[in-house]
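> build the 3D model from these lines:
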Amino acid sequence: MPKRQPNTEQHGQQSVATAFAWLAHYPPDVDWHAELQPRALCEIFDEAVERFADNVCTDYFGRRMTYAEIGALTARVAAGLHDIGVERGTRVGLLLPNCPDFIIFYFAVLKRGGVIVNYNPLYTVEEIEHQVRDSGTELMITLDLRMLFDKATAVLDSGSIRRLVVCPFVDRLPTFKRLLFRIFRRRELARPMPDDTTRPIVRLADLIQRSASHPPPAVEPGDLAVLQYTGGTTGTPKGAMLTHANLTVNLQQVSLWFADAREGEERALAILPFFHVFAMTGVMNYGIAHGFELILIPRFDLDEVIRLIRRTRPTVLAGVPTLFNALISHRSATTETLKSLRYCISGGAPLPGDVRRNFERVASCSLVEGYGLSETSPVVTCNPVHGESKDGSIGLPLPGTIVSIRSLDDPAIEMPIGENGEICISGPQVMAGYWNKDDETADAFVDSFFRTGDVGYMDEQGYVFIVDRIKDLIIASGFNVYPRRIEEAIQDHPDVVEVTVIGIPDDYRGEAPKAFVRLKEGAHLSVDELLAFLAPKLSKIEMPASIEFRDELPRTLIGKLSKKELRKETIQES
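The predicted model follows:
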C-alpha cells in the first residue's frame, strides 16, 4: 500500500496564511521548516551504541547496563533470530513489560528486517489471539513470569503462532535481588520445558549461543517497522502500519521540539509502557537516539516510583495526567523529591490546567501537553517548552506537520480560525495505512490528511484545542478503551438483553467505563456475578468501574440506545 505524502500546497479551501497560523507564533528555537531525514531505526540504534558505548543505557531494579552491553546482546539476538527464520517482513510479537529485553528484541527484530507487533501484557488470551491472527504474528517474545508465560503458551498451543522465545526475568536483576526473588517469589516463575519437542519454545540462552553473526539485510526507510494496534473509530482492532521513516522522522520532530535536551546526560523515567506508542517513540526511541539513561519500570506502583525518583534522580518524565496528579498528591511529594526533573511531557488524555500548574509549582520544572495517535507515530502537536503553554490546548504542530480543521459535514472543506471541525493531520509521521484494511484506510483519509476523529479548533496563534470526540472512545489513564468491546463481552451473558457503555469522570483515571444493563424478564444477576463473568474476557483497564441495572434504557427517535442521554444524566448527577 503506497504511503501518503504530505501536501503543503493544496490545503482545503483556506489560504496558506490562514492554515499555517502557527508559523507567526512558533518557538524561536524550533524551525518548522527543518529538513527531516527518513532513516532506518536500527541505524540510529547502532549509532547510539557507538557514540554512547560506556554510558548507562538501562537501570532495571538497580542493575545498570551500558549501551555497549545492550548493543552486544542485541547483535547476538539478531543472529539467533536469523537462525529461527526471522527475515524481512516476519511479524514478531513482543508480549513484554518495560525491561531490557524489550529494547534488545525490538531492535534485533528490526535489524533482521522483521516487523514488531506490540502486545499489551494485560490483554486476555482471546485479545492476544485476535491480534495474532489479524497481524500474522509468527513468533512471540515473552518472559518466564507466569502471568505472561501462561498466556503466551496458551496462544502457542492453539496453533496461532509457530514459536515462542522465553527470556528469564531474574537474569536481568541485580545479584542480590535475583537471589531473593528465587527464594521468596519463585512461584511467580514458570518453567519452560526446552526438551519438550511438542512445544516449540526457545530459551534466550539457547537463542544467543547457537549462532554466529549474520550480515543483516538492507533495511530501507520505507520498510514496515511496527504494526501498532488501535481500535480506531469502532473498537475493532486495526494495525497502524508505521514505517522506519515514520518513526525516525517523528523522533527527529520530537528532538527539534525539545532542543535543550543534553546528549548523553539525561535520565528518563520510563513509567509508560513501551508497547504504547507514546512511550515507544517519546521515551525509548527518543531516549536511545540521544544517549539517555532509561530507568525502566515494568509495573506502576506509586510508592515504588517515589523511592525510585529519589534514588535515580531522573531529569525527564513522560506520562499521562493521572500520573502527574498522583505524584503531587503523594504524601512524600516535595520540591526536594522532584527537583531533578528538567522537563515533563503529558499526553494520552487532556491535561487539566490546575494539574499542570500544581505540578510545576511542586516540581519547579515545565510540564507541557502534547497530542498524538497510533496512526501518527504518534506525536503531532505539543505546547512549547519555553514559550506560552495554553490551558486546554494540545499545542502547536511539530516541525513538518500540518494541522487542518475540516468541516464535520464535508471534510474537503477547511474551517476558519476559531471554528470547530474535525482535526486532520498531514505530515511525514502519518502511517502508511491500516494492515490489510484498504477500505478503512481510505475512510481514514481526506486527500493527504488523516482524519483523527477528534473535534476541535485552532486559535489565531495556531494553538489547537480539542472539544469533543467523534470516536466512541473512553480514555482511561491514557489508554484507549472502546465501549463496543465491553458491550459485546457483557452481551455474551445469557441473562443480558441490552447494554450500553459510556465514559464517566474518574478522579484517578480521568475517565472510566460505566455499563448500563437491561436483563431478561425474571432474570437475577448481581454486579459481582457479572464482573466475574467478564474477568476472563476483558483486561483490567476495560473492566467497568460501575454497573447499573435498569428496567429500560433511553433511546433515540429512531430507536437506537442513547449514550447522549446517559451522558447527560451522568453530568447532572455529578
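
> okay, now the residue nearest to Lys563 when sequence neighbours are not counted: neighbour count?
In space, and not counting its chain neighbours, Lys563 is closest to Ile502: 5.2 Å by Cβ to Cβ, 6 or more residues apart in numbering. Yep, even glycine has a C-beta here, placed from its N, CA and C like the rest. Using other Cβ atoms under 10 Å, Ile502 has 19 neighbouring residues.

> mind checking what helix or strand follows the lowest-mean-pLDDT helix or strand in the chain in sequence?
Ranked by mean pLDDT, DSSP states H and E, the weakest helix or strand in the chain is helix 16-19, scoring a mean of 48. Using DSSP states H and E, the helix or strand that directly follows helix 16-19 along the chain is helix 41-51.

> tell me how far that following helix lies from the chain's centre.
23 Å (Cα atoms, centre = their mean, to the nearest Å).

> just checking, what packs against the helix or strand that that helix is followed by?
Using DSSP H and E, the next helix or strand after helix 41-51 towards the C-terminus is strand 56-60. In terms of contacts (3 or more Cβ pairs under 8 Å, 6 or more residues apart in numbering; DSSP states H and E), strand 56-60 is packed against strand 63-66, helix 67-83, helix 100-111, strand 293-296.

> can I get strand 56-60 as CSV, trimmed to CA atoms?
Coordinates of each C-alpha in strand 56-60 appear next as CSV, following Å, rounded to 0.1, in the frame of the first residue of the first chain:
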residue,chain,number,x,y,z
VAL,A,56,24.4,3.6,31.1
CYS,A,57,21.5,2.6,28.8
THR,A,58,19.1,0.9,31.3
ASP,A,59,18.6,0.9,35.0
TYR,A,60,16.4,-2.1,35.9
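
> turn the helices and strands packed on strand 56-60 into JSON lines, including mean neighbour count and mean pLDDT.
Listed next are the helices and strands packed on strand 56-60 as JSON lines, based on neighbours: other Cβ atoms under 10 Å; pLDDT from 0 to 100:
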{"stretch": "strand 63-66", "mean neighbour count": "17", "mean pLDDT": "98"}
{"stretch": "helix 67-83", "mean neighbour count": "21", "mean pLDDT": "96"}
{"stretch": "helix 100-111", "mean neighbour count": "27", "mean pLDDT": "98"}
{"stretch": "strand 293-296", "mean neighbour count": "26", "mean pLDDT": "98"}
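
> nearest to Phe184, out of those?
Checking the helices and strands packed on strand 56-60 against Phe184 by Cβ to Cβ gives strand 63-66 as the closest, at 18.2 Å.

> for the helix or strand containing Leu317, the distance to its chain's centre please.
Assigned by DSSP H and E, Leu317 belongs to strand 316-319. Centroid separation for strand 316-319 versus its chain: 14 Å, with Cα atoms, centre = their mean.

> to Glu521, which of the helices and strands packed on strand 56-60 lies closest?
Evaluated over those, closeness to Glu521 peaks at helix 100-111, with 50.6 Å, by Cβ to Cβ.

> how far does the closest one sit from the chain's center?
Using Cα atoms, centre = their mean, the offset of helix 100-111 from its chain centre is 17 Å.

> re the thing from before, and the residue nearest to Lys563, what pLDDT?
Looking at Ile502, its pLDDT is 93.

> list the contacts for it?
474, 483, 513-514, 516, 563, 566-567, 570 (Cβ atoms under 8 Å, 6 or more residues apart in numbering).

> where does it land in three-state SS?
Classification of Ile502 using DSSP: H, G, I helix; E, B strand; the rest coil returns strand.

> could you check how far it is from Gly348?
19 Å (Cβ to Cβ, to the nearest Å).

> quick one: residues contacting the most centrally placed residue in the chain.
Central residue of the chain (Cα atoms, centre = their mean): His276, 2.0 Å from the mean position. Residues counted as contacts of His276 (Cβ under 8 Å, 6+ apart) are 118, 348, 478-479.

> what would those residues look like in TSV with neighbour count?
Below are the contacts of His276 laid out as TSV (neighbours: other Cβ atoms under 10 Å):
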residue	neighbour count
Asn118	23
Gly348	28
Gly478	21
Phe479	18
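
> pick the one among those closest to Ala34.
Closest to Ala34, out of all of these and judged by Cβ to Cβ, is Gly348, at 26.0 Å.

> my read is that the closest one contacts Leu323, right?
No. Gly348 is not in contact with Leu323 according to Cβ atoms under 8 Å; the separation is 9.4 Å.

> circling back to that earlier point, among the contacts of His276, which ones are in helices?
With helices taken from DSSP state H, there is no overlap with the contacts of His276.

> dump these to JSON lines, plus distance to His493.
Formatted as JSON lines, these follow (distance: Cβ to Cβ, whole Å):
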{"residue": "Asn118", "distance to His493": "31"}
{"residue": "Gly348", "distance to His493": "31"}
{"residue": "Gly478", "distance to His493": "29"}
{"residue": "Phe479", "distance to His493": "24"}
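
> tell me the spacing between Thr74 and Gly510.
36 Å.

> same thing with Pro216?
Distance from Pro216 to Gly510, by Cβ to Cβ: 42 Å.

> neighbour count: those two, which is higher?
Gly510 (22 against 18).

> might you report the residue contacts of the more buried one?
The contact partners of Gly510, taken as Cβ under 8 Å, 6+ apart, are 320-322, 349-350, 475-478.

> closest to Phe258 among these?
Using Cβ to Cβ, those come closest to Phe258 at Val320, 18.2 Å.

> any low-confidence regions in the stretch 201-350 of the chain?
By pLDDT under 70, the low-scoring segments of the stretch 201-350 of the chain are 210-213, 231-235.

> please enumerate the helices of the stretch 301-450 of the chain.
302-312, 321-329, 335-338, 353-363, 438-443 (DSSP state H, counting those that start in this stretch).
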